[in-house]
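**Q** dropping a prediction and its sequence here:
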Amino acid sequence: MTLFRKDWMLEMRQQYAFYGVLLYVASTVFVLYLAIGETEMETWNALFWVTQLFVCINAIAKSFLQESRGRMLYFYTISHPSEFVLAKLIYNVLLMAILNCLNLILFIAFMGDPTANIWQFIGISFLGGNEKRITFIFNDSQNKFVGDAQATLLFKLLSACDLTVKDVAFVNFFHNDSITYRELVKWLQPAKVLMFGIMAQELDLPFTIPFFQTQNFGEQLYLISPSVEELQTNEEQRKQLWASLQKIFNILKQK
């Protein structure tokens with residue numbers, strides 16, 4: 001948290017950089033509006049994600065480029081590299097959520113709202129890049145997206161499976177409790193769905209499986225696990241989950 005607080009304080013001290021990114025978002029959306037106005041759903045969706053991609057690249061690059069070589073060496077002496085990277089990930093996830101919210105508001109204001117369910121789109125669009133079409137579904141009633149405690153375990157799972165945030169999509173079921181597997185497949189087109197504390201029936205799936213057992217249905221592979229909170233306090237369950245993940249992602253046993 002100290003490293004996270006450091007990044008936040010630097011951002012507040014150098015506000016011109018943050019406002020520069022906000023200006024980039026606003027001007028890009030306004031130019032798109034002047035050029036093409038309101039568009040069809042497919043075009044709107046493509047433009048939104050292309051804009052979001054460039055915003056994310058610029059903002060995250062700034063986060064790392066602002067650190068000088070000397071400061072990097074200093075951080076190396078006082079913290080573990082994994083802690084430094086984790087702090088950067090948490091900070092940039094929060095920053096991306098803010099920028100994504102602004103981008104979405106501007107798109108809706110200038111270019112209309114073609115989304116069938118805006119709340120599902122918001123919930124799905126905030127976390128993860130979904131490049132490898134892997135969906136993590138969890139319940140977090142205390143946070144809109146994912147809290148620090150849950151994020152720690154989820155990021156450890158990503159690291160152990162050689163994945164990053166850009167490879168997956170995080171969906172907080174507590175704020176998307178009306179979603180079914182049909183909407184999930186339609187919006188995210190996942191190849192693998194990992195469910196933490198979510199039963200198959202809650203997604204309207206037509207099967208029941210025990211924890212840590214995989215099930216193929218349609219073009220997706222499903223795994224159901226206890227909630228993140230339970231996993232944090234139960235080492236035996238974590239071992240069972242890890243054994244299942246090794247099979248799903250073809251991870252060598254000795255890793």
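**A** Perfect, I can see it now. Numbering: from 1, shown residues only.

**Q** averaged pLDDT, stretch 219-229. What do you get?
**A** Model confidence over stretch 219-229 averages 94 on the pLDDT scale.

**Q** neighbours around Arg69, how many?
**A** Each residue near Arg69 was counted by other C-beta atoms under 10 Å, and the total is 7. For glycine as for every other residue, the C-beta is placed from the backbone atoms N, C-alpha and C.

**Q** same check on the one 10 residues further on?
**A** Using other C-beta under 10 Å as the criterion, Ser79 is surrounded by 14 other residues.

**Q** now it: how far from Glu235?
**A** Spatial separation of Ser79 from Glu235 under the definition C-beta to C-beta, to the nearest Å is 26 Å.

**Q** show me the contacts for Pro190.
**A** Contact criterion C-beta atoms under 8 Å, 6 or more residues apart in numbering gives 130, 133-135, 169, 184, 220 as the residues in contact with Pro190.

**Q** how many other residues sit next to Phe212?
**A** 18.

**Q** return the subset of the contacts of Pro190 lying in helices.
**A** Assignment to helices by DSSP state H places the following of the contacts of Pro190 there: Leu184.

**Q** okay, the contacts of Pro190 in CSV with distance to Glu38 and neighbour count next?
**A** Output for those, formatted as CSV (distance: C-beta to C-beta, whole Å; neighbours: other C-beta atoms under 10 Å):
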residue, distance to Glu38, neighbour count
Asn130, 26, 20
Arg133, 30, 16
Ile134, 33, 22
Thr135, 30, 24
Ala169, 27, 25
Leu184, 28, 23
Gln220, 34, 19
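
**Q** closest to Phe207 among the contacts of Pro190?
**A** Phe207 has its nearest neighbour among those in Gln220, at 11.8 Å by C-beta to C-beta.

**Q** give me the below-cutoff pLDDT ranges for the stretch 101-250 of the chain.
**A** Under the criterion pLDDT under 70, the flagged ranges of the stretch 101-250 of the chain are 114-128, 144-146, 177.

**Q** would you list every one of the helices in it?
**A** Assignment of helices within the stretch 101-250 of the chain using DSSP state H, counting those that start in this stretch yields the ranges 118-125, 148-160, 181-188, 228-233, 235-248.

**Q** now those helices as TSV including distance to Leu99?
**A** Below are these laid out as TSV (distance: least, C-beta to C-beta, whole Å):
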stretch	distance to Leu99
helix 118-125	11
helix 148-160	18
helix 181-188	20
helix 228-233	26
helix 235-248	31
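
**Q** right, and those helices - which one's nearest Ile108?
**A** helix 118-125 (7.9 Å).

**Q** list the helices and strands the helix or strand containing Lys88 packs on?
**A** Counting by DSSP states H and E, the element that carries Lys88 is helix 81-111. Where contact means 3 or more C-beta pairs under 8 Å, 6 or more residues apart in numbering; DSSP states H and E, helix 81-111 is packed against helix 2-13, helix 15-36, helix 41-65, helix 118-125, helix 148-160.
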